[in-house]
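Enquirer: For reference, the sequence and a predicted model appear below.
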Amino acid sequence: MEDLIGVIAILCTIGLPIGFGMYLGLTSIRAEHKERMDLIRQGIIPPERMKKKANPNRMVSLRNGIVLISLGIGVIVGFLSSENLAIGQDNGFWIIGASIVFFLGLGYLCYFLVTQKIGDTQQKDTDQE
């Protein structure tokens with residue numbers, strides 16, 4: 001009986017959100033289908049669903065790449081400094097957290113500077129035309 005409590009807890013934690021999401025998705029699909037069928041019964045040709053083409057934004061990808069690289073560098077530097085520096089012997093958690101935040105800040109600053117240079121070069125190109 002004690003093992004049953006853990007199984008029920010896992011099922012409730014994982015199964016209920018998945019089940020609720022499936023219920024909402026099926027309800028949405030069913031409502032859309034019913035709406036299309038009603039339009040067809042009235043003699044109206046329903047418009048085709050337009051699927052948007054994925055137009056990737058390169059600036060978002062650049063930002064995510066710079067931030068993730070800086071996050072990785074921050075974690076590595078934090079672990080190395082907490083193990084090898086005298087200041088990090090008793091304050092490992094704070095050293096790791098501070099280095100992660102520091103390098104994330106540097107990553108965002110780097111992203112800002114890169115996009116500012118890109119914006120300046122695009123502005124010069126439009127001015128020359």
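Expert: Received, thanks. Just so we're clear, the structure is a prediction, and the values are computed from it rather than from any experiment. Residues are numbered from 1 along each chain as shown.
Enquirer: Buried residues in the biggest helix by length in the chain, which are they?
Expert: If you go by DSSP state H, the chain has its longest helix at helix 92-128. Using 16 or more other CB atoms under 10 Å as the burial criterion, the residues of helix 92-128 that qualify are 95-96, 98-100, 103-104, 107, 110-111. Bear in mind the C-beta positions are built from the backbone N, C-alpha and C, glycine included.
Enquirer: between those residues, which is closest to Val75?
Expert: Nearest to Val75 among the buried residues of helix 92-128: Ile100, at 6.1 Å, using CB to CB.
Enquirer: right, and the closest one touches Gly74 too?
Expert: Yes - between Ile100 and Gly74 there is a contact under CB atoms under 8 Å: 3.9 Å.
Enquirer: same for the longest helix of the chain, what does it pack against?
Expert: helix 58-84 (3 or more CB pairs under 8 Å, 6 or more residues apart in numbering; DSSP states H and E).
Enquirer: List the buried residues of the helix it packs on.
Expert: So for helix 58-84, counting by 16+ other CB under 10 Å, buried means 63, 66-67, 70, 73-74, 77-78, 81-82.
Enquirer: now these as TSV including distance to Gln89 and pLDDT?
Expert: Below are the buried residues of helix 58-84 laid out as TSV (distance: CB to CB, whole Å; pLDDT from 0 to 100):
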residue	distance to Gln89	pLDDT
Arg63	35	89
Ile66	32	91
Val67	30	91
Ser70	25	92
Ile73	22	93
Gly74	19	91
Val77	16	89
Gly78	14	87
Ser81	10	85
Ser82	8	83
